[in-house]
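Asks: here are the coordinates; sequence isn't available:
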């Protein structure tokens, strides 16, 4: 049940009646007509812009149009008041029974309340994390992992067919560095002093890898040249790092559907096929680029390269795909990888990248546009940095990885649920402060605690009612008489619940899972407010003297609990049944 969609349908129906009556031209369309909460709740429950957006194309006065629309809507028994404001805005106030119906719908639908089919089963690939397989994930990866996973869950809830994907960057020189670093730990495992020279990875996370290499090879590689062992250690070390990364992701309750390998693109013809596809469109040519900004002629050596004419698809400049020596640039396998995703039949691609990849966006969008003939959109979500704090001071942890704070460090300090929720309290492209003291305090200022506490209160009411012999099953609560729910605080909570289906659609359309966190905080606030009012007004308490009255009030609380639980599931957070 989506009340906003239902009332919008009523508004459109009234407008179609006006068309039939000759008050509006027949060719008029209503896509721009919206029904949404008013900016000021004192103005009503909903507001529509219908008269404002239709007056000019219809050639009528907006106030006159609003007056006639209001007159027609007043015949709808769900609409108590339809009042015109200003130059033509129309404010609506709905019957209490509408909000009571929302409570019943939430209880009847359970975890599917608010689920949308807006995505219409479109296949979406969400690629996120994709950290280099050279060590454990650091705090910078946490936010991208949480955002990508929550976005995937949100899109799934909104009716898309979602694939979570991790692109393993195992085809570059950094994996050679990993192999050489692991070799030094292998030497250490054999009783020799490791030579962790500049440029190698110094973290002690490679010590177990060295020990595993000793278990496999004994001392047989110690005196061998790099050419003998490099390829094997690349594979061995990469697999060890990916096992660690999978374990780190599991700590955050993140599980991928697909792991794709960059290395698998080389020597398979996939890069060549992608470039050939572009060449067939006249988008590949031999040329020389202009010097990069900031380079003087003495710093710049012009050279002929194989270039992708990405400017034909919105990029600022053309991009090299093959160097003058015949080797591929870093961009070439990325083109092939996205071509592979297009070939797999996805209708939409989403890449979640760190903010330092901003320069990558236009070139990759250009490639996807060219390779898909403009059919498959690519959205790139940039993740801003996370700053760690404790008691208002920058917080430095153990840095067990040697050079950075790990994901595991953060989760062990704060917990997965807290980490995930806090990481979603800001839009992905805004910087985020993570204060270990604040995220663990039990107060209204801590959104994680506040929302969890609201759900725990609902569970507490259900337990106490059950102990009193009151049937609080969802089926029983969905069938009770809710006519006694009429206090402003009760209706405010029901109205907030009614916003959930609309909020899901807006958040999914904007690819903004942080909206779920904001909404849950507001919903929790309404529930806490009603709870606290009950301390002063006994008639508002959820448990009353008779079972029927109690069931009606508990139905409202349970409906709120259903939405909180569903929203937290999208964020990947486990709802608390009691606070410790």
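Replies: Happy to help now that I have it. The structure presented is a predicted model; accordingly, all values stated were derived computationally and were not measured.
Asks: got any ranges where the stretch 251-400 of the chain has weak pLDDT?
Replies: Low-confidence segments of the stretch 251-400 of the chain (pLDDT under 70): 294-299, 396-400.
Asks: what are the ranges of the strands in it?
Replies: For the stretch 251-400 of the chain, the strands defined by DSSP state E, counting those that start in this stretch occupy 258-261, 284-287, 305-308, 319-322, 348-354, 378-383, 386-390, 393-394.
Asks: out of these, nearest to residue 102?
Replies: Evaluated with Cβ to Cβ, the strands of the stretch 251-400 of the chain place strand 348-354 nearest to residue 102, the distance being 31.2 Å. Glycine gets a C-beta too; all of them are placed from N, C-alpha and C.
Asks: give the buried residues for the closest one.
Replies: Within strand 348-354, the residues scored as buried using 16 or more other Cβ atoms under 10 Å are 348-354.
Asks: cool, stretch 408-426 as well?
Replies: Residues 408-411, 413-424, 426 are the ones in stretch 408-426 that count as buried (16+ other Cβ under 10 Å).
Asks: same deal with stretch 265-279?
Replies: 265, 270-271, 274-275, 277-278.
Asks: same check, this time on stretch 104-124
Replies: Of the residues in stretch 104-124, those with enough neighbours to count as buried (16+ other Cβ under 10 Å) are 104-109, 113-114, 116, 119, 123-124.
Asks: how about stretch 245-259?
Replies: Across stretch 245-259, burial judged by 16+ other Cβ under 10 Å covers 245, 248-249, 251-254, 256.
Asks: so where's the protein uncertain?
Replies: Low-confidence segments of the chain (pLDDT under 70): 294-299, 396-403, 580.
Asks: any idea how it splits into domains?
Replies: 3-94, 173-251, 443-571 (automatic domain parsing).
Asks: can you redo the strands of the stretch 251-400 of the chain as TSV with distance to residue 39?
Replies: Shown next, in TSV, are the strands of the stretch 251-400 of the chain (distance: least, Cβ to Cβ, whole Å):
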stretch	distance to residue 39
strand 258-261	43
strand 284-287	52
strand 305-308	47
strand 319-322	45
strand 348-354	31
strand 378-383	29
strand 386-390	33
strand 393-394	39
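Asks: which residues sit in contact with the closest residue to residue 255 other than its chain neighbours?
Replies: Nearest residue to residue 255 in three dimensions, chain neighbours excluded: residue 249, at 6.9 Å (Cβ to Cβ, 6 or more residues apart in numbering). Residues near residue 249 by Cβ atoms under 8 Å, 6 or more residues apart in numbering: 129, 137, 145, 255-256.
Asks: which residue sits farthest out from the middle of this structure?
Replies: residue 223 (50.0 Å; Cα atoms, centre = their mean).
Asks: hang on, that one is in a strand, isn't it?
Replies: No - using DSSP: H, G, I helix; E, B strand; the rest coil, the assignment for residue 223 is coil, not a strand.
Asks: distance of it relative to residue 187?
Replies: Counting by Cβ to Cβ, to the nearest Å, the gap from residue 223 to residue 187 is 11 Å.
Asks: can you check residue 259 too?
Replies: From residue 259 over to residue 187 the distance is 30 Å, taken as Cβ to Cβ.
Asks: and if you look at residue 99?
Replies: Residue 99 is 71 Å from residue 187, where distance means Cβ to Cβ.
Asks: quick check: closest non-adjacent residue to the residue most central in space within the chain.
Replies: For the chain, the residue nearest the mean C-alpha position is residue 151 (2.4 Å; Cα atoms, centre = their mean). By the measure of Cβ to Cβ, 6+ apart, the closest residue to residue 151 outside its immediate chain neighbours is residue 513, 5.2 Å from it.
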